[in-house]
Each structure stands twice: as C-alpha cells, then as structure tokens.
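Novice: could you work out the structure for the sequence below:
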Amino acid sequence: MADGDITKDLLSELALQLEDADEVKFTQAAKLQALNRSQVRVAQMLHDAYLTEFQHVDEDVDASSRIIDISQLNEGKGVFRGGEGIVRVRIKIGGDDAKLKWATELDFKEDIKRTQNTLLAGSDTNPLYYVFNGHIYILVSTYDETTANVYYLQMPPNMSESVDPILNPSLHQILLDLAESICWKMDNQHNRSAEARTSAFEEIKVLNGRYTNPEGIGTSSRRR
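Specialist: Predicted coordinates for the structure are as follows:
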C-alpha cells in the first residue's frame, strides 16, 4: 500500500459509520481532524503494551551534564505523554561501548530518598535514572563523555492523504468509534455521540483490563 492509503480507508469507513458517504454533513477535513484527535486520545488511554509502534530511540544522547532535557528528544518534536513517555534508558559509561548498561528507573517520590544511602546510590555498575519536571536525571559515577540511549513513545504524526496512522491496525475500530463520536458531537447529535464514545471506551477498558485494574482506564505502567 502507498503512504496515505490506510488513512483514506479510515476516512471512507468513518463516512459509512456516519451514514454520510456523499459528505453532505461532514467534510473530509472534518473527518480527518476527528481521526487525528482520536488517535492521540486512544493512545493516551491505552496501556503502554499496545503502543509498541510508538516506541522510538535516540542513541548517544549527551548525558555528561547528568541531565537530559526531554523536550530535545525526537529532534525537538516532543515525547508522547511527556515524562510518562520515557520507556527505558541505557547508559554508555564514559562513552565506552563495552560499558553499555541498562539503567534502573527510580520513582521520584518513593525511591530518591533511599539513594542517599551510598549502598543504594547510582554507580557505573548500578546506573540509575529518574524522570522529573521534564528532565531525565542520570545517576552514575563517571559522567565525562557518558551518553545514553533513550527509549520513548514518539508523538503520533498527523494523518493525511499521504501520512498513515502509527496506531496498530487492530485498534483502528476504536479509533473510528471515537472519531465518530467527535463528529456526532460537532453535529449536536449528543445521543449518537455518547453511544459511539461508550463503544470505544468499553473496548479500551477490556484491553487495559489485561494489564491493569480494569476500573483504571489509561493507567500507564511507570514501574517497569
């Protein structure tokens, strides 16, 4: 398939769900806007396990200052969910490929005080990191020339006739239902909007229930 073909298929399917194949009520631009809003919202609500297509890595990020600015990742395009979108960090101590180690994430509120104990502090053999206020803080012994490979969730691109969604195809029906809800709301058909939204939310609840408390839609797993 050519780039954009998936988006075109989604637009056609959405028109059918809206009973508006001839675009009498909903323009293509309106439907595209709804699909883009839906892709972001669905991804915000789903457990990380369903977002493998969103995962990306920036390699050899300078960590010699001990702090990595999250806003500079992804070529400055941002990280999806901000600090919550940081998946893993791998530290290259002193820039040495032979000293490439996975760092253990600390929970800022629960674990930082424990690292004040020298036995639990980050080191070259036990690299640690934590995420706070838009930054990744690296805890090792050697900082000179140290770099990091940062794994994160990238921002989803805006769909167009030449750009496809990155959301997994198995989730496209949820995407369509939520986009349908948005369109009905724009048309002041609130009952139909609520019906489509409920369908999407119930499916998200079922999917998230496989990994999290089923009552907690969108609970993201920060403790990996």
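Novice: next secondary structure element downstream of the helix or strand of the chain with the lowest mean pLDDT?
Specialist: When each helix and strand of the chain is scored by mean pLDDT, DSSP states H and E, helix 108-111 comes last, with a mean of 62. Once the chain leaves helix 108-111, the next helix or strand it forms, by DSSP states H and E, is strand 128-132.
Novice: can you list the strands that that next one pairs with?
Specialist: strand 104-105 (parallel), strand 135-139 (antiparallel) (DSSP bridges).
Novice: the protein: helices as residue ranges?
Specialist: Assigned by DSSP state H, the helices in the chain fall at 5-17, 28-45, 108-111, 172-186, 190-208.
Novice: between those helices, which one is nearest to Y151?
Specialist: helix 28-45 (16.4 Å; CB to CB). All C-beta spots, glycine's among them, are computed from the backbone N, C-alpha and C.
Novice: may I see the buried residues of that closest one?
Specialist: Neighbour-count burial for helix 28-45, counted by 16 or more other CB atoms under 10 Å, picks out 30-36, 38-39, 41-43, 45.
Novice: how about that helix as CSV, C-alpha atoms only?
Specialist: Output in CSV follows, covering the C-alpha atoms of helix 28-45 (Å, rounded to 0.1, in the frame of the first residue of the first chain):
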residue,chain,number,x,y,z
GLN,A,28,-13.3,15.2,4.6
ALA,A,29,-11.3,17.9,6.5
ALA,A,30,-13.7,17.5,9.5
LYS,A,31,-13.4,13.7,9.5
LEU,A,32,-9.6,13.9,9.2
GLN,A,33,-9.5,16.3,12.2
ALA,A,34,-11.6,13.9,14.2
LEU,A,35,-9.4,10.9,13.3
ASN,A,36,-6.3,12.8,14.4
ARG,A,37,-7.8,13.8,17.7
SER,A,38,-8.9,10.3,18.2
GLN,A,39,-5.5,8.7,17.5
VAL,A,40,-4.0,10.9,20.3
ARG,A,41,-6.8,10.3,22.7
VAL,A,42,-6.9,6.5,22.2
ALA,A,43,-3.1,6.3,22.7
GLN,A,44,-3.4,8.4,25.8
MET,A,45,-5.9,6.0,27.3
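Novice: other SSEs contacting it?
Specialist: helix 5-17, helix 172-186, helix 190-208 (3 or more CB pairs under 8 Å, 6 or more residues apart in numbering; DSSP states H and E).
Novice: which residues sit against that helix?
Specialist: The contact list for helix 28-45, computed with CB atoms under 8 Å, 6 or more residues apart in numbering, reads 7, 10-11, 14-15, 18, 51, 54, 80-81, 153, 156, 158-160, 165, 167, 171, 174-176, 178-180, 182-183, 186, 200-201, 204, 208, 217-218.
Novice: what's the average pLDDT for it?
Specialist: Averaging pLDDT along helix 28-45 yields 96.
Novice: what angle do that helix and helix 172-186 make?
Specialist: Per axes from the mean of the first three to the mean of the last three CA atoms, to 10 degrees, the angle that helix 28-45 makes with helix 172-186 is 120 degrees.
Novice: might you report the residue contacts of M186?
Specialist: Going by CB under 8 Å, 6+ apart, M186 touches 26, 30, 34.
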